[in-house]
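Colleague: no sequence on this one, just coordinates:
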């Protein structure tokens, strides 16, 4: 029996207040994908520090450093590990803890 392969997904995290609708979140995601890297917004910096203290998959050669695109006020997390739901739940939990919006484009879901 073949093991299902999970397709990598992105989740984007940024400073609240969050988007009111999917189109606004999708537009912000597109903007962040094309924005230059820069200095951290304090809540985003705290989120990244806490995220890096966790382990998405101890057996994987992929680290958080390779899976994060960090901008001035946002982070795109490229979820490339098996057990994606657990990783996405962790990202959403930490984003909430730091007062950040979490948007998962594949599911068209924005959380804050």
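Modeller: Yep, that arrived. On a predicted model such as this, the values are computed, not experimentally measured, just so you know. Residues are numbered from 1 along each chain as shown.
Colleague: Just checking: what are the partner strands of the worst-scoring helix or strand of the chain on mean pLDDT?
Modeller: When the helices and strands of the chain are compared on mean pLDDT, DSSP states H and E, strand 109-111 comes out lowest with a mean of 74. Applying DSSP bridges, strand 109-111 is found paired with strand 100-104 (antiparallel).
Colleague: Can you show me the strands along this protein?
Modeller: 9-15, 68-70, 74-79, 100-104, 109-111 (DSSP state E).
Colleague: Make CSV from those strands and add distance to residue 56 and mean neighbour count to it.
Modeller: To be clear about C-beta, it is placed using only N, CA and C from the backbone, and glycine gets the same treatment. Shown next, in CSV, are the strands of the chain (distance: least, C-beta to C-beta, whole Å; neighbours: other C-beta atoms under 10 Å):
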stretch, distance to residue 56, mean neighbour count
strand 9-15, 12, 22
strand 68-70, 11, 16
strand 74-79, 8, 22
strand 100-104, 16, 24
strand 109-111, 19, 17
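Colleague: Among the ones you listed, show the one with the smallest mean pLDDT.
Modeller: Here these differ in mean pLDDT, and the lowest is strand 109-111 at a mean of 74.
Colleague: mind checking the longest helix of the chain?
Modeller: Using DSSP state H, we find that the single longest helix of the chain is helix 84-97.
Colleague: name the helices or strands packed onto that one?
Modeller: strand 9-15, helix 42-52, strand 74-79, strand 100-104, strand 109-111 (3 or more C-beta pairs under 8 Å, 6 or more residues apart in numbering; DSSP states H and E).
Colleague: JSON lines for the ones you listed, including distance to residue 22?
Modeller: Shown next, in JSON lines, are those (distance: least, C-beta to C-beta, whole Å):
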{"stretch": "strand 9-15", "distance to residue 22": "13"}
{"stretch": "helix 42-52", "distance to residue 22": "22"}
{"stretch": "strand 74-79", "distance to residue 22": "17"}
{"stretch": "strand 100-104", "distance to residue 22": "9"}
{"stretch": "strand 109-111", "distance to residue 22": "7"}
